[in-house]
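Trainee: next input, structure requested:
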Amino acid sequence: MRTSLLKSLALIGFFAATSCGTSEDGSSSIGNGSNGNASSNLGGSYNIISMVSNISVDLNNDGVTSNDLFTEIDPEVFNTQIPELEIKPVVVNNQLENMMSFYLPHSNVTIESPTSTGSVRFSKTGLGYVYEFDSNTQTISIEDSTTPGSQPGIYGHIESIEVYGANGLKAIFTKYYYDFSAPAGWKLLTVTCIYRRT
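Mentor: Alright, predicted model coming up:
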């Protein structure tokens with residue numbers, strides 16, 4: 001019985017010690033969920049408040065093109081319980097890492113016949129990146145294993161991310177979307193997203 005009590009006290013002491021830490025600037029951080037480093041300053045859930053492409057496109061097959069992708073993508077995609085960006089520590093390869101998980105709208109296109117341009121349904125797909133945040137310079141560094149200059153995968157690729165005002169982030173992605181305007185087809189867009197913490 002005494003051994004069980006000692007083991008329990010040791011476990012409680014271990015968890016109490018790991019939930020408290022000291023950040024790089026020497027300030028104490030208690031239970032911030034990210035081993036006490038400065039990356040916790042960005043932690044939380046974010047929603048997209050602006051999504052603009054570099055070219056005008058017709059993603060919803062309504063015959064109207066726009067750079068504002070909020071008008072081109074079904075609003076129901078944004079009205080789900082899943083945030084468009086979640087920042088938190090996760091286990092990657094048995095190691096706790098600071099992770100940014102982006103959930104971007106993805107086009108699922110159905111071509112109904114050779115004479116019809118078809119229809120589109122949107123769903124959220126995820127992109128995950130390990131990152132570091134320097135709170136002194138307010139810069140975010142993304143660990144990116146893709147070859148520079150290579151084409152983005154089907155779900156897109158982050159090109160840059162930066163702090164954007166209080167509780168905001170600005171991210172630039174390259175991603176393929178199906179454009180129904182003439183000539184119809186998949187186009188590589190450069191998309192700028194503004195995120196606001198919820």
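
Trainee: only C-alpha atoms from now on, for both contacts and neighbour counts.
Mentor: Fine.

Trainee: would you state the strands of this protein in chain order?
Mentor: All strands of the chain, identified by DSSP state E, fall at 20-22, 28-30, 44-57, 66-68, 85-92, 95-110, 119-134, 139-142, 157-163, 168-179, 185-197.

Trainee: mean neighbour count and distance to residue 77 added to those, as CSV?
Mentor: Listed next are the strands of the chain as CSV, based on neighbours: other Cα atoms under 10 Å; distance: least, Cα to Cα, whole Å:
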stretch, mean neighbour count, distance to residue 77
strand 20-22, 16, 38
strand 28-30, 16, 36
strand 44-57, 18, 11
strand 66-68, 16, 15
strand 85-92, 18, 13
strand 95-110, 19, 7
strand 119-134, 17, 6
strand 139-142, 15, 26
strand 157-163, 17, 19
strand 168-179, 20, 15
strand 185-197, 19, 15
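
Trainee: for residue 76, find the nearest of these.
Mentor: Closest to residue 76 of the strands of the chain is strand 119-134 (Cα to Cα; 8.8 Å).

Trainee: that closest one to strand 157-163, inter-axis angle?
Mentor: Between strand 119-134 and strand 157-163, the angle comes out at 50 degrees (axes from the mean of the first three to the mean of the last three Cα atoms, to 10 degrees).

Trainee: list the neighbouring strands of strand 119-134 plus their orientation.
Mentor: Take DSSP bridges as the rule and strand 119-134 pairs in its sheet with strand 95-110 (antiparallel), strand 139-142 (antiparallel).

Trainee: could you point out which of those sits nearest residue 68?
Mentor: Between residue 68 and the strands paired with strand 119-134, the shortest gap by Cα to Cα is with strand 95-110, which sits at 13.5 Å.

Trainee: which strand residues bridge the residue nearest the centre of the chain?
Mentor: Geometric centre of the chain, nearest residue: residue 102, 1.9 Å, by Cα atoms, centre = their mean. Residue 102 has these beta-bridge partners by DSSP bridges: residue 85, residue 127.
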